[in-house]
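Chemist: sequence and computational prediction follow.
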Amino acid sequence: MSILFDRFRNSRKFISIKTKLILVMTGISLLTTLLFGIAVSWYSQQSILEYTRTNAKNLASSVAMFIDGDEFTTIKLEKDAAYIRPLKPLRALQKQTGVKYVYTLAMAGNDKTRFIIDATLGEDHSALNSEYDLTEEMKMAFNGIPNADDKVYTDAWGSQLSGYAPIFDSAGQVVGIACVDVDAGDIAAKNRQMLLLIIIFVILSMALALFLSTITSNPIQRPIVFIDRSMQDLAEAGADLTRTIPVQTNDELGQLAGSFNRFLEHLRDIISSITTKSATIVDSSDQLKDEVQRVMKTSQQSSQATGQIAASMQVLTAVADEIHGTTGQITATMDQSYNHARNNMDAAIAVQKRAAEVERGAANAARQTEDLYRNIQVQLQEAMAGAEVVKQITTLAEDIGSIADQTNLLALNAAIEAARAGEQGKGFAVVAEEVRKLADDSSQTVNKMQNLTGQVEQSMNALLGTAKQMLEFINGKVMNDYQYMQNIGSHYREDSNMIVSLTEQIAYDSNKVKGAMEAINQSIESLAHTIAQSNVNLQGIAQDSEATANAAVDINKVAGEMAGHSQALIELVQKFKI
């Protein structure tokens with residue numbers, strides 16, 4: 001199939017325009033008539049079917065008019081007069097109209113009907129009360145609406161299309177339906193007739209299209225043949241661009257000839273311009289060769305100069321590397337100095353903190369000692385006041401001792417008086433004895449108290465003396481020592497403040513010098529990188545200069561070739577006659 005298609009596609013190249021026009025117009029006509037024929041055929045089939053349905057319904061209604069509805073319900077046998085009476089007009093109608101079957105049906109129940117009157121003779125005759133299936137179209141007829149089948153159907157009696165009409169009694173009730181079967185062969189014959197007419201129409205249309213396309217293609221072909229011959233004459237005239245195609249029509253072909261003539265005019269302008277430009281190119285090529293010579297000389301000089309600059313850049317790179325190393329060492333030294341300064345500053349800050357602590361400790365100790373001194377002094381004064389109480393106790397003890405002596409004398413006197421009284425004075429004598437003993441005990445207690453108070457007074461005097469010496473020591477020695485220590489802590493703190501300030505200044509200066517050296521180092525690195533990059537760029541410039549020189553040689557060669565081609569082009573366009 002693909003080979004045949006390729007052959008057909010290749011053969012189209014050799015088909016004339018007239019043949020193509022005839023084929024196209026004939027094909028369009030054939031396609032149009034075929035589509036029209038198909039549409040007409042489908043429409044005619046639908047029209048024939050609808051006409052047949054309408055005719056079948058009308059014939060069924062005519063059959064129903066021959067049936068007496070009241071007698072229709074009384075038929076029991078085919079010999080009954082009610083059965084025989086309508087057969088003659090029904091058969092006459094069947095013969096006159098050419099329908100296939102004429103019969104009547106009544107409801108039998110269970111979606112079944114039964115034959116009543118059948119006008120058909122022979123073996124196709126249906127006996128009385130033989131059953132037949134109930135269809136939807138029959139149901140509408142039994143409901144009083146004439147109807148017909150939508151399409152041809154096939155059963156035991158063949159293919160046909162049936163029409164149905166209700167049979168009414170005198171009371172207006174539907175007692176049965178009249179049926180007419182139209183043979184499907186009649187419908188097919190009418191369709192064949194219509195198809196034959198359509199085929200004849202298509203053939204006539206194709207013949208007419210062929211005739212019209214032949215007549216129409218001749219006026220189109222003649223100008224094309226004329227233009228073809230004119231272009232052949234133009235080609236045979238060689239490079240003569242002054243000749244044109246004569247325009248004889250105002251149609252598209254005439255416009256085509258005019259367009260071709262304008263093309264020739266533009267082509268003459270182009271050839272003339274090419275001639276002028278080619279001469280200009282020859283002159284430009286000579287100038288280009290001279291310029292290329294100067295570029296080659298300049299590129300060589302530039303290559304030598306860049307080589308010298310590159311050597312100087314290498315020396316400068318070595319110097320920059322040496323400076324970079326020196327600044328690196330200085331930066332490391334300043335970094336160490338900065339670290340030492342920071343460490344010394346930390347130690348000085350620690351000393352400053354300890355000096356402040358010593359000063360604060362000495363001040364606190366002095367305040368605490370002064371507070372202790374004052375407390376001890378107050379307590380000492382209170383103790384001296386207590387010593388006066390001891391003296392008062394001694395006085396009271398002496399008073400008690402004298403009272404005890406007096407009591408003892410009184411007891412002695414009482415004992416003497418009791419002895420004088422005899423028996424009556426024995427009880428009083430006992431009391432006097434007890435009082436005397438109590439007085440003796442009191443005297444002994446007073447003596448002990450006097451001894452104790454004497455010891456207490458001696459201890460208090462010794463304690464007061466010691467306390468006074470301690471207060472004098474605190475006030476005279478300890479307070480002075482604390483003041484001296486506080487002064488030492490203050491001087492110590494001031495010295496440490498000065499050391500911290502100096503170390504901070506040293507650290508700041510070291511860090512500043514370090515930052516400056518790092519900046520210098522970065523500048524040296526940037527300078528070294530710039531020098532290296534410049535060296536690379538100079539090498540690239542040298543290479544580019546060398547490449548430029550080589551390119552200049554190639555350009556010189558190309559310029560020579562261009563001049564030769566331009567000269568050849570001039571010789572070529574001179575062949576055209578403009």
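Modeler: Good, I have the coordinates.
Chemist: list the buried residues in stretch 82-96.
Modeler: 82-83, 86-87, 89-90, 93-94 (16 or more other C-beta atoms under 10 Å). Heads up, the C-betas are built off the backbone N, CA and C, glycines and all.
Chemist: could you give the mean pLDDT of it?
Modeler: Mean per-residue pLDDT for stretch 82-96: 91.
Chemist: could you do stretch 317-327 as well?
Modeler: For stretch 317-327, the per-residue pLDDT averages 66.
Chemist: and for stretch 274-285?
Modeler: Stretch 274-285 shows a mean pLDDT of 72.
Chemist: what of stretch 413-433?
Modeler: Here the average pLDDT along stretch 413-433 is 72.
Chemist: swap in stretch 60-72?
Modeler: On average, stretch 60-72 scores 91.
Chemist: quick one on the thing from earlier: wait, which of the buried residues of stretch 82-96 is closest to Ala189?
Modeler: Taking C-beta to C-beta as the measure, Ala189 lies nearest Gln94 of the buried residues of stretch 82-96, at 18.3 Å.
Chemist: this protein: helices as residue ranges?
Modeler: 2-11, 17-65, 69-72, 81-84, 87-97, 136-142, 184-236, 252-421, 426-473, 479-573 (DSSP state H).
Chemist: and those helices, which one's lowest on average pLDDT?
Modeler: Across the helices of the chain, helix 2-11 gives the lowest mean pLDDT, at a mean of 54.
Chemist: so how far is Leu30 from Leu23?
Modeler: Taking C-beta to C-beta, to the nearest Å as the measure, Leu23 falls 10 Å from Leu30.
Chemist: show residues contacting stretch 88-108.
Modeler: 56, 59, 62-63, 66-67, 72, 113-121, 124, 126, 131-132, 134, 138, 142, 157-158, 160, 167, 175-183, 186 (C-beta atoms under 8 Å, 6 or more residues apart in numbering).
Chemist: let's see 7 Å
Modeler: Stretch 88-108 has contacts (C-beta atoms under 7 Å, 6 or more residues apart in numbering) with 59, 62-63, 66-67, 113-120, 126, 131-132, 142, 157, 160, 167, 175-183.
Chemist: cross these against strands and list the overlap.
Modeler: 113-118, 131-132, 160, 167, 175-183 (DSSP state E).
Chemist: count the neighbours of Thr120 for me.
Modeler: Counted with other C-beta atoms under 10 Å, residues neighbouring Thr120 total 17.
Chemist: picking up where we left off before, buried ones among the contacts of stretch 88-108?
Modeler: The buried subset of those - by 16+ other C-beta under 10 Å - is 59, 62-63, 66-67, 113-120, 126, 132, 142, 160, 167, 175-183.
Chemist: ok, Gly258 to Asp269 distance?
Modeler: Distance from Gly258 to Asp269, by C-beta to C-beta: 17 Å.
Chemist: next: Arg420.
Modeler: For Arg420, the distance to Asp269 - C-beta to C-beta - is 196 Å.
Chemist: next one: Glu50
Modeler: 74 Å.
Chemist: before we move on, what about Thr333?
Modeler: For Thr333, the distance to Asp269 - C-beta to C-beta - is 85 Å.
Chemist: repeat for Ile177
Modeler: 94 Å.
Chemist: now do Lys139 against Asn147, distance only.
Modeler: Where Asn147 is concerned, Lys139 sits at a distance of 9 Å (C-beta to C-beta).
Chemist: these two: which has the busier surroundings?
Modeler: Shown here are Lys139 and Asn147; by other C-beta under 10 Å, Asn147 has more neighbours (24 against 15).
Chemist: quickly list what that one is bridged to.
Modeler: Asn147 has these beta-bridge partners by DSSP bridges: Tyr164.
Chemist: need the contact list for it.
Modeler: 57, 137, 140-141, 164.
Chemist: can I get these in a markdown table with neighbour count and distance to Lys448?
Modeler: Below are the contacts of Asn147 laid out as a markdown table (neighbours: other C-beta atoms under 10 Å; distance: C-beta to C-beta, whole Å):
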| residue | neighbour count | distance to Lys448 |
| --- | --- | --- |
| Lys57 | 21 | 170 |
| Glu137 | 22 | 162 |
| Met140 | 16 | 161 |
| Ala141 | 27 | 166 |
| Tyr164 | 27 | 167 |
